[in-house]
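Novice: sharing a sequence plus its predicted fold:
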Amino acid sequence: MLEGLLLAEYGESIAQQIADGYSYEHPVTVRINTLKADVGEVCFAFAEKGISVRQVPWYSSALILENIAESAVEKTPLYAEGKIYMQNLSSMLPPLYLEPKAGENILDMTAAPGGKTSQIYALSEGKALVTACERDKIRYERLLFNLRRQGATRVSTLKLDAATLDDFLSFDKILLDAPCSGSGTVTPTNPIRFSVEYLKKCVKAQEKLLKKALRLLKRGGTLVYSTCSVLKEENEELLKRILPQAGAQIVPIEPFEGIPTLPSLEGTVAVLPTELYEGFFVAKITK
């Protein structure tokens with residue numbers, strides 16, 4: 001079913017590239033928590049353990065670990081002390097495009113498990129006013145745990161559906177990493193459960209959250225919308241339908257050097273799933 005949608009949306013050649021990307025298991029990639037550690041310290045600690053490290057050219061805080069499993073990384077002092085966070089490279093993109101700065105009032109609408117929230121906080125050097133929402137109780141507890149371990153001590157957390165936030169609130173910047181079908185995350189060990197009914201449910205939730213985000217965004221503010229999906233219905237088509245209604249427009253962004261991309265709406269970035277990258281979509285928006 002998913003294969004048929006990809007074929008219809010992208011054509012045979014690109015659909016095959018996506019399918020090829022699904023055949024890989026990703027190596028472990030980590031983000032250095034710059035609130036607690038630096039590149040040299042982390043690379044040295046891994047080298048002492050005999051772990052090969054590759055740096056990512058477009059983000060100095062991102063590392064690819066060559067010969068270790070996630071379960072082994074979890075046993076390292078670096079992980080236990082919150083000096084690193086395991087995160088796919090594609091997942092690191094939205095906070096970078098958001099460009100959080102000290103003093104800005106920032107909302108992360110669907111924050112658990114906390115990787116992007118703590119990254120936003122670290123990028124602002126712990127000086128942004130970050131609010132993180134998560135409606136699910138178990139995921140909310142995980143969010144709290146990760147924020148504590150990452151040293152993101154000044155993040156305000158709310159256990160609620162961000163779509164219910166009061167419209168009187170306003171934010172300089174908003175990250176909406178929307179719940180989605182996960183069509184970019186397929187691997188041999190993560191085949192995902194996909195159905196047209198589930199896709200429709202995701203799109204309905206995305207639309208509700210995006211409309212709320214646009215109401216909460218200050219005039220001239222920045223909203224980053226992202227999904228771990230490669231389906232246009234959850235990405236480009238949603239934006240083309242919703243943005244004009246809110247008087248909002250896309251702020252053009254370019255993919256960072258070396259990132260494999262899919263055709264997408266002009267000014268947006270769609271990441272092709274590969275050995276290193278999950279399929280992903282990112283758009284930067286203002287109004």
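Specialist: Noted; the coordinates are in hand. Please read all numbers here as calculations on a predicted model, not as lab measurements.

Novice: which residues of the stretch 51-200 of the chain fall in strands?
Specialist: 53-56, 59-65, 84-86, 105-108, 129-133, 156-158, 171-177 (DSSP state E, counting those that start in this stretch).

Novice: I'd like these laid out as TSV, including mean neighbour count.
Specialist: (Each C-beta comes from the backbone N, C-alpha and C, glycine too.) Below are these laid out as TSV (neighbours: other CB atoms under 10 Å):
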stretch	mean neighbour count
strand 53-56	15
strand 59-65	18
strand 84-86	21
strand 105-108	25
strand 129-133	23
strand 156-158	15
strand 171-177	24
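
Novice: would CSV of those with distance to residue 93 be doable?
Specialist: Shown next, in CSV, are these (distance: least, CB to CB, whole Å):
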stretch, distance to residue 93
strand 53-56, 11
strand 59-65, 9
strand 84-86, 15
strand 105-108, 15
strand 129-133, 18
strand 156-158, 23
strand 171-177, 10
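
Novice: nearest to residue 248, out of these?
Specialist: Of all those, it is strand 171-177 that lies closest to residue 248, at 11.5 Å by CB to CB.

Novice: rewinding a little: of all the strands of the stretch 51-200 of the chain, which lies closest to residue 150?
Specialist: Closest among the strands of the stretch 51-200 of the chain, using CB to CB: strand 84-86, at 6.4 Å.

Novice: report pLDDT for the residue nearest to residue 188 when sequence neighbours are not counted.
Specialist: Excluding its sequence neighbours, the residue lying closest to residue 188 (CB to CB, 6 or more residues apart in numbering) is residue 25, at 6.1 Å. pLDDT recorded at residue 25 is 96.

Novice: output the strands of the stretch 51-200 of the chain as CSV; include the columns mean pLDDT and distance to residue 117.
Specialist: Converted to CSV, the strands of the stretch 51-200 of the chain look like this (pLDDT from 0 to 100; distance: least, CB to CB, whole Å):
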stretch, mean pLDDT, distance to residue 117
strand 53-56, 96, 20
strand 59-65, 98, 15
strand 84-86, 98, 10
strand 105-108, 98, 5
strand 129-133, 98, 5
strand 156-158, 98, 9
strand 171-177, 98, 8
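
Novice: for the residue nearest to residue 188, helix, strand, or coil?
Specialist: Counting by DSSP: H, G, I helix; E, B strand; the rest coil, the backbone at residue 25 sits in coil.

Novice: burial count for residue 87?
Specialist: Neighbourhood size, residue 87 [other CB atoms under 10 Å]: 18.

Novice: wait, it touches residue 29, no?
Specialist: Yes: assessed by CB atoms under 8 Å, residue 87 is found in contact with residue 29 at 6.6 Å.

Novice: verify the stated contact: residue 159 with residue 135.
Specialist: Yes: using CB under 8 Å, residue 159 is in contact with residue 135, at 6.9 Å.

Novice: related to what we said a few turns ago, distance check, the residue nearest to residue 188 against residue 185.
Specialist: 12 Å (CB to CB, to the nearest Å).

Novice: can you list the buried residues in stretch 195-210?
Specialist: If you call a residue buried by 16 or more other CB atoms under 10 Å, then stretch 195-210 has these buried ones: 199, 202, 203, 205, 206, 207, 209, 210.

Novice: residue contacts, the first one?
Specialist: I take that to be residue 199. 181, 231, 233, 234 (CB atoms under 8 Å, 6 or more residues apart in numbering).

Novice: just the fifth one next, same as before
Specialist: Contact analysis of residue 206 by CB under 8 Å, 6+ apart lists 178, 179, 180, 227, 234, 238.

Novice: any idea of the pLDDT on it?
Specialist: Listed pLDDT for residue 206 reads 98.

Novice: so it, which of the three states?
Specialist: The three-state label given to residue 206 by three-state DSSP is helix.

Novice: which two in the contacts of residue 206 are spaced the farthest apart?
Specialist: 179 and 238 (12.6 Å).

Novice: of these two, who's got more company?
Specialist: Per other CB under 10 Å, whichever of residue 179 and residue 238 has more neighbours is residue 238, with 22 against 16.

Novice: gap between the residue found closest to the more buried one once you drop the neighbours it is linked to in the chain and residue 227?
Specialist: Distances taken as CB to CB, 6+ apart place residue 206 nearest to residue 238, at 5.7 Å, with adjacent residues excluded. Distance of residue 206 to residue 227, given as CB to CB: 7 Å.

Novice: overlap in contacts, these two.
Specialist: 178, 180, 234.

Novice: is the last one in contact with residue 184, as I believe?
Specialist: Which is residue 234. No: in this structure, residue 234 is not within contact of residue 184 by CB under 8 Å, at 9.8 Å.

Novice: right, I'll call it a day here.
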